[in-house]
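Chemist: I need the structure of the sequence given here:
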Amino acid sequence: MNRWIGMGRLVRDPEVRYSQDGKGVAKFTIACDRRFKKGNEPSADFISCVAFGKVAEFIEKYVKKGTKVVVEGRWQTGSYEDKEGKKVYTNDCIVESCEFAESKKESENAAPSDVGDGFVNIPDNIGEELPFV
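Modeler: Presented below is the predicted three-dimensional model:
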């Protein structure tokens, strides 16, 4: 059985594109807190997610940077060659469902410093060399 469930906040707005047949494809990353922390340092895992169809349309319409969501789907690994011909391995959650993990009121009342609190900053250009599905 291949089932993955995770909860976290989007680290940036989702990237949504549409295929030639009009189906949505949403790519986004969520920061999931680790249960155990090293010393006093907060730590998180950054999970790359891809959603298709109606789920992608939902994400485009209602989800943005800082939104806390629960995603459920399957884990998929892959690889490709980058511009220099080097093999790059990928790991993604292929999202089958996405739900809010907090109410809209809680989300709106969160201070900007609360959004992503306990998360490590990641560079904006992470994953730019990944090909879009």
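Chemist: V16: how many residues sit nearby?
Modeler: Burial measure for V16: 17 neighbouring residues, criterion other Cβ atoms under 10 Å. C-beta coordinates here come from the backbone N, C-alpha and C atoms, glycine included.
Chemist: part of a helix, is it?
Modeler: No. V16 is assigned strand when assessed by DSSP: H, G, I helix; E, B strand; the rest coil, not a helix.
Chemist: from Y80, how far off is it?
Modeler: Distance, V16 to Y80, by Cβ to Cβ, to the nearest Å: 21 Å.
Chemist: packing partners for the longest helix along the chain?
Modeler: Scanning the chain for the helix with the most residues, using DSSP state H, yields helix 53-62. Applying 3 or more Cβ pairs under 8 Å, 6 or more residues apart in numbering; DSSP states H and E, one finds that helix 53-62 makes contact with strand 15-18, strand 24-33, strand 87-100.
Chemist: list the buried residues in that helix.
Modeler: By neighbour count with 16 or more other Cβ atoms under 10 Å, helix 53-62 contains the buried residues V55, A56, E57, F58, I59, E60.
Chemist: nearest residue to the fourth one other than its sequence neighbours?
Modeler: Closest residue to F58 in three dimensions, ignoring its sequence neighbours and counting by Cβ to Cβ, 6 or more residues apart in numbering: C98, at 6.4 Å.
Chemist: so how far is G24 from the one you found?
Modeler: Look at C98 and G24: by Cβ to Cβ, they are 12 Å apart.
Chemist: which pLDDT value belongs to R17?
Modeler: On pLDDT, R17 comes in at 96.
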